[in-house]
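# Okay, structure incoming, though there's no sequence with it:
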């Protein structure tokens, strides 16, 4: 007993207390055949492929985009020349919210946090020389996903690439935008209609598009716990699945193309347990509740990225080390795609050097460390299997709570989830302040002579000529296009938005006519109105 | 001592509200009266809310890089509407090099990234004592 007293209490973010040691006695009732299966087999606890990284290492996909489409096109090509094999596009806030660059509300925001897109012409420029059938592209876009994906399909068409060869992942997860990231525009139900319209259209017409990337990531970044991150993600995918089934699609027609985007910035084994439990729970959800027959419909395919929350503004170079642990955690968690934050992220749009270090970190992890040598190398460890079971229980508790709130859609409408996430964020901050959660240079080993002037970093200097260039291009477009065709297309879109038919065809027509993003989004706003945020603290 | 009244506001298009909500809860726990606007409020709407709620301070949270034009509009809007006694604080992704510009524009306090929560609370508490 004296020995027990010496050890400190350890409680994980999910609220699970951790003992100093684990053994076979902690795995009573553990049935590897039922609880794990073989790698690549139901319930996919150990990973979704039989050989995982031995057959193919994870995709490396850094989040890039700033300024004009031409500038972003250059950065894409820089990273691709250095071994990045897929793109993840960042759009500026006006684009994410359906505002043109010349909208008064866009002042100061054009090209700041991503690239500005006003029309098809900008997407043509951004992807010039990037073949749509050979590069897989993630579009980090949600309320505007249907419009941006339509633009990309037309870009592919103009490159001579048939839609059934286009591989994109529009994020298209509006529920998490209401909870966390904030780029909602339309009310909840109209927003959901657009998500499902795009997913349904892709299932029927562009079957290699991954039409929804369900994100726990942003909700966790906003403050929720590990168990809540997985629970909310599972609740959200179930909500979309129900709506897609209601459109008359078979589960196996669309579920193989659903994918996920989660973070892994916490404690290594808690994260690994979260993903192992999540894969198992998702497989059961799709098979048992939704009747999937195709094993691919049951696979939790995920981008696992670090989160900026792992990093500190203090002594930012240390974030390079944290990034390496994130990569290791993502690999041990069974990521299909990996993305890392850059060490300078608290301060600036990443410098090319910081982007390159993040890419090299993933490459070193994949090719030098041996973590990719064998599938789920932690499988069978007493602690990891015990923790996987405990995480499953904790995730289920959160799922049950959402059910009691009337389901995730209802809980989003009332703001109940948003309030819980904010509460958890504050709780976390207080634990950081008390030192209960350790952060080196923040609450541990703080340098006595800490530099208060800020670190020496290469700051992205925003070039105001970007805005001028974007505005000039937009003005030219408005003057040169066939105005009657634009008016016709927008009138059709407005009319169909009043009905219940899939809106992708009218959106495609408007895109082809070079209607601007703001005009297309505005036509739908005329019909749908705007979301009123439930503000509760 | 009358509690300080604070409007925590998210101007512009930025949807990241973790910081704003954490600061709002911390100020409330420190005994202040806090009102939170919600996301994507226009400068005009924030000025209106500040006057209507009769607050002492408006705390802006901006992570998108648009802090200079947005802060300026709100400071000027308050002055134009007779709210010149209302102080404006700005926090978020603010490079050190922009701090003097914000101060010159009439911003009371700037809390760039990495500012510890207690430092923010202390600044507000100091104000409460002065008032």
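All right, it came through fine. Since we're looking at a predicted model, the values are computed, not measured.

# Give me the residue at the spatial middle of the chain.
The chain I'm using is chain A. For chain A, residue A:261 is the residue whose C-alpha lies nearest the centre (CA atoms, centre = their mean; 3.9 Å).

# Now do the contacts for that residue.
The neighbours of residue A:261, taking CB atoms under 8 Å, 6 or more residues apart in numbering or on different chains as the test, are A:171, A:173, A:213, A:214, A:215, A:216, A:217, A:302, A:303, A:305. Heads up, the C-betas are built off the backbone N, CA and C, glycines and all.

# which bits of chain B sit near chain A?
When proximity is defined by CB under 8 Å from any CB of the partner chain, chain B lies next to chain A at B:12-18, B:21-22, B:24-26, B:28, B:34, B:36-40, B:42, B:64-66, B:68-70, B:93, B:95-97, B:112-114, B:116-118.

# per-residue confidence at the closest residue to residue A:166 other than its chain neighbours?
Leaving aside its sequence neighbours, residue A:166 sits nearest to residue A:156 (CB to CB, 6 or more residues apart in numbering or on different chains; 4.8 Å). Note for residue A:156: predicted pLDDT of 97.

# Distance check, residue A:436 against chain B.
According to CB to the nearest CB, to the nearest Å, residue A:436 stands 14 Å off from chain B.

# Please work out how many residues are found near the residue in the stretch 151-300 of chain A that chain B sits nearest to.
Nearest to chain B in the stretch 151-300 of chain A, going by CB to the nearest CB, is residue A:182, at a distance of 1.8 Å. Neighbour count of residue A:182, defined by other CB atoms under 10 Å in any protein chain shown: 23.

# Now do the phi/psi pair for it.
Reported as degrees, to the nearest 10, the phi and psi values for residue A:182 are phi 90, psi 0.

# contacting residues for it?
Contacts of residue A:182 (CB under 8 Å, 6+ apart): B:14, B:15, B:16, B:17, B:39, B:40.

# how far away is the second one from residue B:93?
From residue B:15 across to residue B:93, the span is 13 Å (CB to CB, to the nearest Å).

# The first one now?
Going from residue B:14 to residue B:93 by CB to CB gives 9 Å.

# what residues does the host helix or strand of residue A:423 touch?
For residue A:423, the element it lies in under DSSP states H and E is helix A:416-434. With contact meaning CB under 8 Å, 6+ apart, helix A:416-434 is reached by A:13, A:178-180, A:219, A:222-225, A:228, A:232, A:402, A:405, A:408, A:411-412, A:437, A:439, A:442-443, A:534, A:536-537, B:17-18, B:21-22, B:25-26, B:116-118.

# Residue A:230: how many residues sit nearby?
31.

# now the one 10 residues further on
Residue crowding around residue A:240 was assessed by other CB under 10 Å; the count is 24.

# Now do it, the pLDDT please.
With respect to pLDDT, residue A:240 has a value of 98.

# Taking chain B, what residue is nearest to chain A?
Closest residue of chain B to chain A, CB to the nearest CB: residue B:15 (1.8 Å).

# ok, residue A:76 - contacts?
A:64, A:87, A:126, A:130.

# What about the residue nearest to the spatial centre of chain B? Give its phi and psi, please.
In chain B, the centroid-proximal residue (CA atoms, centre = their mean) is residue B:59; its distance is 1.3 Å. Main-chain torsions, residue B:59, degrees, to the nearest 10: phi -110, psi 110.

# That one pairs with what?
The residues listed as beta-bridge partners of residue B:59 by DSSP bridges are residue B:8, residue B:89.

# wait, doesn't it sit right on residue B:8?
Yes - under the criterion of CB atoms under 8 Å, residue B:59 makes contact with residue B:8 at 4.8 Å.

# Pull up the overlap in contacts between the two.
Common neighbours of residue B:59 and residue B:8 (CB under 8 Å, 6+ apart) are B:20, B:23, B:27.

# so can I have JSON lines of those residues showing secondary structure?
Formatted as JSON lines, these follow (DSSP: H, G, I helix; E, B strand; the rest coil):
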{"residue": "B:20", "secondary structure": "helix"}
{"residue": "B:23", "secondary structure": "helix"}
{"residue": "B:27", "secondary structure": "helix"}
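
# what sits up against stretch A:525-537?
If you take CB under 8 Å, 6+ apart as the criterion, stretch A:525-537 is touched by A:98, A:178, A:184-188, A:190-191, A:413-415, A:418-419, A:422, A:494, A:497-498, B:21, B:24-25, B:28, B:34, B:36-39.

# residues touching residue B:73, list them.
residue B:43.

# how about stretch A:399-413, does it reach chain B?
No - between stretch A:399-413 and chain B, judged by CB under 8 Å from any CB, nothing touches; the nearest distance is 14.2 Å.

# residue boundaries of the strands in chain B?
B:5-9, B:33-36, B:57-62, B:87-92, B:109-111 (DSSP state E).

# will you turn those strands into CSV that also has distance to residue A:203 and mean pLDDT?
CSV is the format used below for these (distance: least, CB to CB, whole Å; pLDDT from 0 to 100):
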stretch, distance to residue A:203, mean pLDDT
strand B:5-9, 42, 98
strand B:33-36, 40, 97
strand B:57-62, 39, 98
strand B:87-92, 40, 97
strand B:109-111, 47, 97
